[in-house]
Each structure stands twice: as structure tokens, then as C-alpha cells.
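**Student:** 3D model of this:
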Amino acid sequence: NIGGSTGLQFFRPDTAHFEAARVQVFSNIIIGSQAPIAFVGAVEVDVAHNTIYRPDKWAIRILQETVDPSRFLPCGNNRFRNNIVVLSNANPVVTNIGPNTAPESFAFSNNLWYHVDNPNWNGPDIPVAEPNQIVNQNPLFQDPLNEDFSIPTNSPAAGQGLNLGDPEFDFLHQQFANPPSIGAVEANPVSAVFQGEEVAKFGLSIYPNPTAGPIQLRFPENKPPAYPLLVTIKDLSGKTALSKVLQNEGDRIDIGILPKGPYVVQAGNFAKKIVLGY
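**Tutor:** Numbers count the residues shown, from 1 in each chain. Model (predicted):
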């Protein structure tokens, strides 16, 4: 919910002309929810590189809860770009537009819209024309039932995004390519182009990956971490599955006790996806 439900006594500054402004909603995975993205009395908001999976009712709402034309700008001048939106029969209306808003001032671009229940679906009911729209092509998620929304290099979303410059990193903290993939997870992360010793210079590397058990972390030569170092292993929902404090660079982490599947290793300012058991 971007803006809305504020109450005049809570505005800061108290002379503000909007509920929210210049909010950036980047690189998120949103599963379900009645309305994953709600612009409410908001202006100049950028919603980019998100993966929205099977909302319960609407994908987007455009609303104005605080109405006073002499003071408040109508909800408008917002952007929705480089997002994957997967819909079902639960979404007969994709976009819910309330009164006193300015939907005609929104900008949509380079989004992939896919309806899992209707192969003949013609696209979303968004308020303006969208350049480079991709309609009803399966993004080919790796394993959505287990919340792995990675996409392969042959996905129709791969390399089809608008180069925005920001966000720089995807949901897994991989750097977006140029041109980037649509959605929250980059199909061709920049770090993947480096080999061998170059990996250690440009990003966190993990050996082996995929793995069946113990792993070892290797950090960029120009950004060595400080020890002791807390390392957390999270599933793709963001829940911590395992944590360990490393005392030295050569310490190993045995993740073989965890269920098989994809995880994200976070250590300091670095993060990287790994796969266990494959």
C-alpha cells in the first residue's frame, strides 16, 4: 500500500500535497494478496522489476482516500515497468480505479502479463497504452509451487526489460544485465559472465554450487569481509533456515541438513543463490 490511511494530523510536513511521493518499489516477489500494488494518493512512484504471482482479486489499485482538490494532488504520475504479473480467474478486473484519481497520467512499460487460466486472454485493463507489452506468454518460472521464481534464459521475460539504471540488483541480489530481464529475478545476471579468478574480484562465489552438503564462501579480493562473520541461509520466502558465524576464510558451512531446494546465502553486504541437493 503506497500511501493512504494517513489522517491529516500525521502528515509530515503537515502541508504535504500527497499521501506518498517518490517511493521506489523494486525487486520484490509478491505472492497472493487482495491487491499486491495499491497506489493511494501517491505521486511520482516507481514500481519496477517485481514479480506478482496470482493475486486474490486485483493486481493494481489506483485510489484517492484523502480528497481536497484545493490541497491534494490526485493519485497520478506513477510508473509501473519491467514487472511480471501472473493472473488467474480470480482477477476478472486487473486494475481497480477509484474516483478523484488521474490514471491517464500513469506510465506502463515493458511488463509481462500472463493469465494461467485463459489461453485466449487479450491483456490487462490498464488505463493507458503500454509500449513493449508482453501478453499471455508463460514466463517459465523454475518452481513457483516452491516459491522459486527464477526464470531461464529462454523465458520471454529474459532480456526484454527497459534499462532503468535503478534498481541495480534483483531479488537474489544479482546484478541486472543490460538490457535487463523483466521481473524480480534476472535470467542473465552480470556476475554470471565472469569465470574462475574473475568471480572472486567481482562478487561472492560459493563452492560447490549446486551442492549436496558443505559449502565454502569466497569473497572479492578488493572487498574482504571482517571476521567473525555471520552467514545466514534463507529460503526464497526470506525465512532463515540456518545461520553460522565463520571465524576464518576457510571455514565451511554444512547445509546438507536442510530440505533440498534453492536458498539465498547472505554474508555481510553480499548475497548469492545456491541450490541444495540437485
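**Student:** all helices for this protein, in order.
**Tutor:** Assigned by DSSP state H, the chain shows helices spanning 197-202.
**Student:** any idea how far the spatially most distant residue from the centre of it is from Phe10?
**Tutor:** Computed with Cα atoms, centre = their mean, the residue of the chain farthest from its C-alpha average is Ser70, at 36.2 Å. Distance from Ser70 to Phe10, counting by Cβ to Cβ, to the nearest Å: 20 Å. Any C-beta I mention is one placed from the backbone N, CA and C, and that applies to glycine too.
**Student:** what do you get for Asp143?
**Tutor:** According to Cβ to Cβ, Asp143 stands 42 Å off from Phe10.
**Student:** of the two, who's got more company?
**Tutor:** Using other Cβ atoms under 10 Å, the more surrounded residue of Asp143 and Phe10 is Asp143, with 12 against 8.
**Student:** Pull the contacting residues for the more buried one.
**Tutor:** Going by Cβ atoms under 8 Å, 6 or more residues apart in numbering, Asp143 touches Gly261, Pro262.
**Student:** swap in the one 4 residues further on?
**Tutor:** Each residue near Glu147 by Cβ under 8 Å, 6+ apart is listed here: Ile29, Ile31, Asp235, Leu236, Ser237.
**Student:** ok, now Pro228?
**Tutor:** By Cβ under 8 Å, 6+ apart, the neighbours of Pro228 are Val245, Leu246, Gln247.
**Student:** Repeat the analysis, applying 6 Å as the threshold.
**Tutor:** When contacts are counted by Cβ atoms under 6 Å, 6 or more residues apart in numbering, Pro228 touches Val245, Gln247.
**Student:** For Pro220, see how far away it is.
**Tutor:** Using Cβ to Cβ, Pro228 is found at 19 Å from Pro220.
**Student:** next one: Ala187
**Tutor:** 23 Å.
**Student:** higher neighbour count, these two?
**Tutor:** More crowded of Ala187 and Pro220, by other Cβ under 10 Å: Ala187, with 25 against 15.
**Student:** Would you agree that one is in contact with Pro156?
**Tutor:** No - the criterion here is Cβ atoms under 6 Å, and Ala187 misses it with Pro156 at 10.3 Å.
**Student:** need the contact list for Val67.
**Tutor:** Asn100.
**Student:** Could you check how far it is from Asp117?
**Tutor:** Taking Cβ to Cβ as the measure, Val67 falls 36 Å from Asp117.
**Student:** Show me the beta-bridge partners of Ala20.
**Tutor:** Ala42 (DSSP bridges).
**Student:** tally of neighbours for it?
**Tutor:** Residues near Ala20, counting by other Cβ under 10 Å, number 20.
**Student:** Also Arg12?
**Tutor:** Arg12 has 7 neighbours, counted by other Cβ under 10 Å.
**Student:** again, but for Val47
**Tutor:** Neighbours of Val47 under the rule other Cβ under 10 Å: 24.
**Student:** Please tell me how far the residue nearest to it when sequence neighbours are not counted sits from His17.
**Tutor:** Excluding its sequence neighbours, the residue lying closest to Val47 (Cβ to Cβ, 6 or more residues apart in numbering) is Val25, at 4.4 Å. Distance of Val25 to His17, computed by Cβ to Cβ: 21 Å.
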